[in-house]
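>>> Return atomic coordinates for the entry below.
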Amino acid sequence: MDVQVRLFAGLRERAGADRVDLELPEGALVGDALAALGWLTGDLKVVMAVNREYASAEDPLSSGDELALIPPVSGGGADLEVHVRISAQPLSVDQITARVSDPRAGAVVTFLGVTREVPALEYEAYVEMAESKLLEIVTAAAQRHGLCAAAAEHRIGTVELSEPSVVVAASAPHREEAFAGAREIIDQIKLQAPIWKREEGAWLGSELPTDSGQTPS
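Prediction:
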C-alpha cells in the first residue's frame, strides 16, 4: 500500500523534499513506517500524525493515508520540544503541562483562555494552516526566550462557559523566560492564527496581513 509522508523543518531539509511516498505491506503500522524511514529520522525524536490526528507507533495505516513526521527543533544548542494541536475535543491543562515537563526547567507557566459571560462560543479554523502557524509561533517564541519546551492547543467547535478554548504552556530554567515565552505565544496566536469565533452572532478573528488586500476583522 502507498502512504504519503509529510516532512517538516530538519527532516524536510534532509530529504530535500517536503514529502515522500512510502510503499508498505498491507496491515503495516505507524511504527513500520518509522522503521522504513530510519535512514531519514536517524536519532531524532519525532511526533507522528496520521491524517492530521496525532498517532502512536501501534496505530494502523491504510493505503492513501498521510503520515506527518514532526521533528523537534534546536534552540540555544539544546533539544527543544514543541507541540501544537487544533482539536474538537476538550483541552486538558494537565496533559499540556506534562508535555513541557523538562529536568532543566525551574519554571512552568500555563495559560488558559476560557469562555466567559456567554453560554458558549463557536470556533472555526483553517486547520491545516492554523496548525502550521501555531508551530511557527511556538517555535519562534521558544527559541527567542530560551525555553526548554513549549506547547499550544486550540479548540474548534462549541466551547461551553468556563471551558478552555486555548491552552499554552512554556517551561524554562527561570520564570522570566517562561512568562515571556507563554505571553508571546498567546499574543501571536491571537494576531496570526486563522481561527475565528462566533460571539453574539458575529464572527471575530485574527488580523489579516496588511499586504493581503483584505480588511482586518
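>>> give the contact list for the residue nearest the centre of the chain.
Centroid-nearest residue in the chain, with Cα atoms, centre = their mean: residue 84, separated by 1.5 Å. For residue 84, the contacting residues are 131, 134, 135, 138, 151, 152, 153, by Cβ atoms under 8 Å, 6 or more residues apart in numbering. For the C-beta atoms, the positions are set from N, CA and C on the backbone; glycine is no exception.
>>> State the distance from the spatially closest residue to it that is not a sequence neighbour to residue 111.
In this structure, residue 84 finds its nearest non-sequential neighbour in residue 134, 3.9 Å apart by Cβ to Cβ, 6 or more residues apart in numbering. Residue 134 is 14 Å from residue 111, where distance means Cβ to Cβ, to the nearest Å.
>>> Now the residue nearest to the centre of the chain: phi and psi?
Note on residue 84: backbone dihedrals following degrees, to the nearest 10 are phi -140, psi 150.
>>> going forward, begin numbering at 475 instead of 1
With 475 as the first residue, the last one maps to residue 558.
>>> what about it, distance to residue 577?
Using Cβ to Cβ, we find residue 558 at a distance of 23 Å from residue 577.
>>> Tell me the pLDDT of residue 595.
For residue 595, the model assigns a pLDDT of 89.
>>> quick one: it and residue 633 touch, right?
Yes. If you go by Cβ atoms under 8 Å, residue 595 and residue 633 touch, sitting 5.1 Å apart.
>>> Please identify every residue contacting each of the two.
Common neighbours of residue 595 and residue 633 (criterion: Cβ under 8 Å, 6+ apart): 589, 639.
>>> any idea which helix or strand comes after the helix or strand containing residue 495?
Taking DSSP states H and E as the definition, one finds residue 495 inside strand 493-497. Counting by DSSP H and E, the next helix or strand C-terminal to strand 493-497 is helix 504-510.
>>> Dump the C-alpha coordinates for that next one into PDB.
The C-alpha coordinates for helix 504-510 follow below in PDB (Å, rounded to 0.1, in the frame of the first residue of the first chain):
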ATOM      1  CA  VAL A 504       3.000   3.600  12.000                       C
ATOM      2  CA  GLY A 505       6.000   2.000  13.700                       C
ATOM      3  CA  ASP A 506       6.700   0.100  10.500                       C
ATOM      4  CA  ALA A 507       6.700   3.300   8.500                       C
ATOM      5  CA  LEU A 508       9.100   4.800  11.000                       C
ATOM      6  CA  ALA A 509      11.400   1.800  10.700                       C
ATOM      7  CA  ALA A 510      11.400   2.200   6.900                       C
END
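>>> So for stretch 585-603, what gets flagged as buried?
585, 586, 587, 589, 595, 597, 599, 601 (16 or more other Cβ atoms under 10 Å).
>>> This completes my enquiry, with thanks.
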